[in-house]
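**Student:** Here's my sequence, what's the structure:
(chains A and B)
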Amino acid sequence: MDSSEQNSSMDVRLDPGSTAPDYETAERELSSRFGDRIRIFAAHRLHDAAAAEDIAQDTLRTVVSALRERKIQNLDALPGFVFTTARNLCMHWTRSVARETSAFHRFHNANADVPAESRDALRDLIDQDRRRIVRKALSELSPDDRNLLTLLYFRGLSSEEAAATLSITTAAVRVRKHRALQRLARFLGDEAAGNTTDDAGTSDR
Amino acid sequence: MTDNVSCPYIDDADIDHRYVAGSLSPEQAEEFERHYFECDLCLARVKRAQEIRAAFTESTPVESTVPVTAIKPKRSAGFFIPLAAAAMVLIGISLSRRDRAPAETANTSTQPAMRGVNTSLAVSSHDSNDVLVAAWSRPAGATTYLVRLLAGDGALLFQRETTDTSIVISSDSLGVSAGTSAYWEIQALDELRKPIATSGLTPSRKPGNSP
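**Tutor:** Modelled structure (predicted):
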């Protein structure tokens, strides 16, 4: 289902002229459509996977209320409304944390033996089984592919920086990245995901 | 929502991995975030990038040929004396560099240039026959540091949280094969244990290449 179909189906369920708008189904669709987006967005901003989940739930609740109260007339504006709501909730969360800092600082000092743990919130959004599956698929790639993906995704280099590191052209980096992602998608049994990179890579071939 | 034809990021091959790595500016990141709320293609790219990065930073690698070992240095006087001296030298170098560039240090510690985590934590590394040593600057607000040593394939070789600004690891105990690349990654955490600065990946010596 493409995005225009998604909007029109939600339009039908929430048609103000309808005697009984199907809010329950619309809410499920809303969660399915925006839940992951909000979690990734909030985890990236807050560095806290648990907070990101809270933000996702609060955002969806707020958006559903707005829909029920007919505050969103044009569903084409829905993505922007969801984004703005999530962003405002993240800013509110950040301010709340800042207010609690001194109290937490006292608590933390009294409990100094907190175990070491990773605070990579985006990683925490991926469950351990999935990380293991993707890691195994990465190990199936050729060393060249794996090395390139390491430079890009692990070390965070741009294509230009990776090209300089590997002594190849930037265009070659982009093509090799595209093909490596396709191979990875195949190893993951995820042909659809492999196709999502087609457009990003074809222009450089 | 955006379809594939009208996606403004369709020719941007870096946007997904730069976003998850936190290397976009706040403005670039927000523009891209606003976009992927309505673009299924870009959401799929971000999800895949997130999975790959998560797999590379997995604490317990499944397929890695590099053993994962957390090492505690042997607590003997003969071991500690030269290491303490090396750490002090590195801390001194780190502090003197910071003194030479006060404006830059002040800027990076209080005004993150990148969305995500500030990537400006300065790390000095040093190696000898027996040990790997790293020392780093102390950004404003940092209370603890998450120290990782990673192999070139992303496998975690060592991880520890410390309140110190230097660390010493016995390279013999790492058990990696000769020629294995290794990188330090230091995260500075505030009192809420939220990352406020990171070193990025700083090359260490190759632990298996003893001179």
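**Student:** For the rest of this, base every contact and every neighbour count on C-alpha atoms.
**Tutor:** Fine.
**Student:** Which helix or strand lies directly C-terminal to the helix or strand harbouring A:Thr25?
**Tutor:** Element membership for A:Thr25, per DSSP states H and E: helix A:23-46. Using DSSP H and E, the next helix or strand after helix A:23-46 towards the C-terminus is helix A:49-68.
**Student:** Work out the gap between that following helix and the centre of the chain.
**Tutor:** Distance of helix A:49-68 from the chain centroid (CA atoms, centre = their mean, to the nearest Å) equals 15 Å.
**Student:** which residues are contacting it?
**Tutor:** If you take CA atoms under 8 Å, 6 or more residues apart in numbering or on different chains as the criterion, helix A:49-68 is touched by A:14, A:23, A:27, A:30-31, A:35, A:38-43, A:46, A:72, A:81-82, A:85-86, A:89-90, A:121-122, A:124-125.
**Student:** Please point out which parts of it sit buried.
**Tutor:** If you call a residue buried by 16 or more other CA atoms under 10 Å in any protein chain shown, then helix A:49-68 has these buried ones: A:49-57, A:59-60, A:62-64, A:67.
**Student:** before we move on, the earlier item: any quick ChimeraX command for the buried ones out of the contacts of helix A:49-68?
**Tutor:** Only the buried members of these end up in this ChimeraX selection, burial being decided by 16+ other CA under 10 Å:
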select /A:14,27,30,31,35,38,39,40,41,42,43,46,72,81,82,85,86,89,90,121,122,124,125
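**Student:** Near chain B, list only the ones from the contacts of helix A:49-68.
**Tutor:** A:41, A:82, A:122, A:124 (CA under 8 Å from any CA of the partner chain).
**Student:** Among the residues you listed, name the ones in helices.
**Tutor:** Among these, DSSP state H puts A:41, A:82, A:122, A:124 in helices.
**Student:** ok, how many other residues are close to B:Ser25?
**Tutor:** Neighbour count of B:Ser25, defined by other CA atoms under 10 Å in any protein chain shown: 16.
**Student:** Quick check: the gap between A:Thr150 and chain B.
**Tutor:** Going from A:Thr150 to chain B by CA to the nearest CA, to the nearest Å gives 7 Å.
**Student:** do you know how far that residue is from B:Pro203?
**Tutor:** Per CA to CA, to the nearest Å, A:Thr150 is found 14 Å from B:Pro203.
**Student:** Tell me which of these two has more neighbours.
**Tutor:** Shown here are A:Thr150 and B:Pro203; by other CA under 10 Å, A:Thr150 has more neighbours (21 against 18).
**Student:** right, and the helix or strand after the lowest-mean-pLDDT helix or strand in chain B?
**Tutor:** Ranked by mean pLDDT, DSSP states H and E, the helix or strand of chain B with the weakest confidence is helix B:102-110, at a mean of 38. Going down the chain from helix B:102-110, the next helix or strand is strand B:123-127, by DSSP H and E.
**Student:** on contacts alone, who are the packing partners of that following strand?
**Tutor:** Applying 3 or more CA pairs under 8 Å, 6 or more residues apart in numbering or on different chains; DSSP states H and E, we find strand B:123-127 packed against helix B:77-100, strand B:131-136.
**Student:** CA-only coordinates of the shortest one in PDB, if you can.
**Tutor:** What follows is strand B:131-136 as a C-alpha-only set of coordinates in PDB (Å, rounded to 0.1, in the frame of the first residue of the first chain):
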ATOM      1  CA  VAL B 131      50.300  -2.800  27.200                       C
ATOM      2  CA  LEU B 132      47.800  -0.500  25.500                       C
ATOM      3  CA  VAL B 133      47.400   2.900  27.100                       C
ATOM      4  CA  ALA B 134      44.800   5.600  26.300                       C
ATOM      5  CA  ALA B 135      44.200   8.900  27.900                       C
ATOM      6  CA  TRP B 136      41.600  11.500  27.000                       C
END
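**Student:** Could you spell out the sheet neighbours of the very next helix or strand once past it, each with its direction?
**Tutor:** Later in the chain than strand B:131-136, the nearest helix or strand by DSSP H and E is strand B:144-151. When pairing is defined by DSSP bridges, strand B:144-151 lines up against strand B:156-162 (antiparallel), strand B:182-189 (antiparallel).
**Student:** was I right about B:Ser181 contacting B:Leu156?
**Tutor:** No - B:Ser181 is beyond contact range of B:Leu156, at 11.9 Å (criterion: CA atoms under 8 Å).
**Student:** Of the two, which one has the most company?
**Tutor:** Per other CA under 10 Å, whichever of B:Ser181 and B:Leu156 has more neighbours is B:Leu156, with 25 against 19.
**Student:** Who are the contact partners of the spatially closest residue to the more buried one that is not a sequence neighbour?
**Tutor:** Nearest residue to B:Leu156, sequence neighbours excluded (CA to CA, 6 or more residues apart in numbering or on different chains): B:Leu150, at 4.6 Å. With contact set as CA under 8 Å, 6+ apart, B:Leu150 has these partners: B:156-158, B:182-185.
**Student:** can we see that at 7 Å?
**Tutor:** B:Leu150 is in contact with B:156-157, B:182-184, counting by CA atoms under 7 Å, 6 or more residues apart in numbering or on different chains.
**Student:** Just the closest of the residues you listed to chain A, please.
**Tutor:** Sorting these by distance to chain A puts B:Tyr183 at the head of the list, at 10.0 Å, by CA to the nearest CA.
**Student:** just checking, that closest one touches B:Ser199?
**Tutor:** No - the criterion here is CA atoms under 7 Å, and B:Tyr183 misses it with B:Ser199 at 10.4 Å.
**Student:** And the residue nearest to the spatial centre of chain A, how far from A:Lys177?
**Tutor:** Nearest to the mean C-alpha position of chain A, counting by CA atoms, centre = their mean, stands A:Ile40 at 3.1 Å. Note on A:Ile40: its distance to A:Lys177, by CA to CA, is 23 Å.
**Student:** picking that back up, can you pull up the bridge partners for the residue nearest to B:Leu156?
**Tutor:** Bridge pairing for B:Leu150 - DSSP bridges - gives B:Leu156, B:Tyr183.
**Student:** how much space between it and A:Ala26?
**Tutor:** 46 Å.
**Student:** same thing with A:Arg70?
**Tutor:** A:Arg70 sits 13 Å away from A:Ala26 when distances are taken as CA to CA.
**Student:** Show me which of these two is the more surrounded one.
**Tutor:** Taking other CA under 10 Å, A:Arg70 and A:Ala26 do not tie; A:Ala26 has more neighbours (19 against 13).
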